[in-house]
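> below is the sequence, then the predicted model.
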Amino acid sequence: MSSSLECTSRWARIAYDESEEPVPLALEINRTAFGDIHPSVSSSLNTLAAVHRRRGEYDKAESLIRQALEIDLEILGNEHPALAYPLTNLGDVLREKGDYEQAESAHRRALHLVKTSAAENGIEDVGVGIIAGFVTCGFDMYP
């Protein structure tokens, strides 16, 4: 059994290490097809940031997330609830880097956007509560 688990784990690491290769290609294709300011470009940047984050390359991940967030802000404006996703990612990376003040700020901004959107749309949804709970739970991790 353990050899099977080791094999699966090794395969997952190899697949993960190789997973970065198609992501920059997708980013390049999206930029060529849609230009620099497009949701597909933002999505590709977030995906590439996730690869770097999992590798512990937090500075690179932060830079990519900030690029994606700039695109999203330009497309969606400052108050769109979809900004909660990249803001949460940014907060997580900043927390992992030990920048707790900026991390908390990003998480609180994400929480504000989700709660405001829910209130404006009359949503009394369990999902909103769960998201709010995840973001708020992260506050306990700050010294």
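Alright, I've got the coordinates.

> could you pull out the strands for the chain?
Counting by DSSP state E, no segments of the chain form strands.

> need the longest helix for it.
With secondary structure taken from DSSP state H, the chain has its longest helix at helix 100-120.

> state the mean pLDDT of that one.
Helix 100-120 comes out with an average pLDDT of 85.

> how about that helix: buried residues?
Of the residues in helix 100-120, those buried under the neighbour-count criterion (16 or more other Cβ atoms under 10 Å) are 103-104, 106-115, 117-118. Backbone N, C-alpha and C define where each C-beta goes, glycine included.

> can you give me the domain assignment for the protein?
Per automatic domain parsing, the domain ranges recorded for the chain read 1-66, 78-143.

> for the longest helix of the chain, packing partners?
Counting contacts by 3 or more Cβ pairs under 8 Å, 6 or more residues apart in numbering; DSSP states H and E, the secondary-structure elements packed against helix 100-120 are helix 84-97, helix 126-139.

> weakest of these in terms of mean pLDDT?
For the helices and strands packed on helix 100-120, the bottom mean pLDDT is recorded on helix 126-139, which sits at a mean of 54.
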